[in-house]
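What would the 3D arrangement of this be:
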Amino acid sequence: MLLKVFDYGLNTAKLEALRHAIEALHARSHGTGSSARLSVSRMHREPADQSETEFVRDVVRFFWSSGIDRLYRGLFEREPMLLLEFCTIRVQETRPDDEYVPWHIDANFYGFTVPLLVAWVPLVDVGVDAPGLEFAQPEQPVDLAVMRRAWQDLKPDERGRSTFDETALSEALGPFSRRAVALKVGGFCAFDQAVPHRTQILPGATKRRIAIEFRMAALDALPIDTDPTRVRGMLISWRDAESRQIRIGYSGQLFPELATR
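Numbers count the residues shown, from 1 in each chain. Sure, this is the predicted structure:
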């Protein structure tokens with residue numbers, strides 16, 4: 001289980017530009033008083049207008065210029081691809097009835113057999129006036145096979161989400177502590193698919209949270225523990241090995257055997 005927190009390192013001017021674009025997209029489609037998830041893959045497949053197409057390109061440009069890809073490469077010694085299919089922007093308002101995301105892991109996106117790295121990038125300061133993330137940190141090493149079984153045994157809640165309650169999380173991790181992360185714009189969290197986390201519960205929050213969730217996996221492998229139909233036609237971005245140019249396309253371009261299943 002891997003968790004790294006970086007207090008700085010990302011270009012704040014580029015993040016501010018992305019935030020302004022997100023606020024404009026959110027206001028246009030959701031108004032100014034509702035929480036929402038904006039899907040990058042939807043904007044690529046079915047753009048409402050040219051601004052959405054340009055926004056997807058800006059997200060991709062930011063990612064490959066940010067250095068986050070080098071983090072994946074250094075940790076796993078493998079070339080990454082950006083899973084644009086699962087790249088999400090969350091705008092979360094601070095209303096009393098706001099719905100926080102409970103304890104969960106991100107293995108549902110890409111299984112356990114391929115290294116998945118999540119980079120959670122806030123576009124506003126979080127942890128004081130806007131909620132950040134909270135992580136569960138076990139006191140002893142965790143057997144990933146145990147975590148995998150616990151994840152597979154979860155029953156979706158009424159909203160279809162697979163989440164842990166405190167009892168199930170304790171059974172999977174054993175004794176654990178909670179770490180809430182406060183970050184200013186320019187910082188980010190990086191963690192693998194087995195790290196339990198949730199929206200920070202911050203009753204005194206007065207500002208809304210805006211964040212981008214980047215998910216990366218190995219460019220040379222598909223997961224063997226995930227239903228192939230789930231990743232068929234998956235939107236991805238990668239760096240071409242020969243030209244070094246950045247590409248946006250679908251998983252069938254890299255894994256043609258998957259496209260025929």
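
Put the alpha carbons of stretch 154-170 into PDB.
Output in PDB follows, covering the C-alpha atoms of stretch 154-170 (Å, rounded to 0.1, in the frame of the first residue of the first chain):
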ATOM      1  CA  LEU A 154     -18.400  -5.800  -0.400                       C
ATOM      2  CA  LYS A 155     -22.000  -5.400  -1.300                       C
ATOM      3  CA  PRO A 156     -22.900  -2.200  -3.200                       C
ATOM      4  CA  ASP A 157     -24.900   0.400  -1.300                       C
ATOM      5  CA  GLU A 158     -28.200   1.900  -2.400                       C
ATOM      6  CA  ARG A 159     -26.200   4.100  -4.900                       C
ATOM      7  CA  GLY A 160     -24.300   1.200  -6.300                       C
ATOM      8  CA  ARG A 161     -21.000   2.100  -4.600                       C
ATOM      9  CA  SER A 162     -18.700  -0.500  -3.000                       C
ATOM     10  CA  THR A 163     -17.700   1.200   0.300                       C
ATOM     11  CA  PHE A 164     -16.400   0.100   3.600                       C
ATOM     12  CA  ASP A 165     -18.000   0.800   6.900                       C
ATOM     13  CA  GLU A 166     -15.700   1.000  10.000                       C
ATOM     14  CA  THR A 167     -16.200  -2.600  10.900                       C
ATOM     15  CA  ALA A 168     -15.300  -4.000   7.500                       C
ATOM     16  CA  LEU A 169     -12.400  -1.700   7.200                       C
ATOM     17  CA  SER A 170     -11.000  -2.800  10.500                       C
END
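
List the contacts of the closest residue to residue 231 other than its chain neighbours.
Nearest non-adjacent residue to residue 231, counting by CB to CB, 6 or more residues apart in numbering: residue 251, 5.8 Å away. Using the backbone N, CA and C atoms, a C-beta is placed for each residue, glycine as well. Each residue near residue 251 by CB atoms under 8 Å, 6 or more residues apart in numbering is listed here: 222, 231-234, 236, 258-259.

Please convert those to a markdown table, extending it with secondary structure and pLDDT.
Shown next, in a markdown table, are those (DSSP: H, G, I helix; E, B strand; the rest coil; pLDDT from 0 to 100):
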| residue | secondary structure | pLDDT |
| --- | --- | --- |
| 222 | coil | 86 |
| 231 | helix | 83 |
| 232 | coil | 82 |
| 233 | coil | 87 |
| 234 | coil | 92 |
| 236 | strand | 95 |
| 258 | helix | 70 |
| 259 | helix | 66 |
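
check contacts around residue 219.
Counting by CB under 8 Å, 6+ apart, residue 219 touches 78-81, 238, 254.

Type out the PyMOL command that picks the buried ones from those.
A single PyMOL command selects the buried members of the contacts of residue 219 (16 or more other CB atoms under 10 Å):
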select buried, resi 78+80+81+238+254
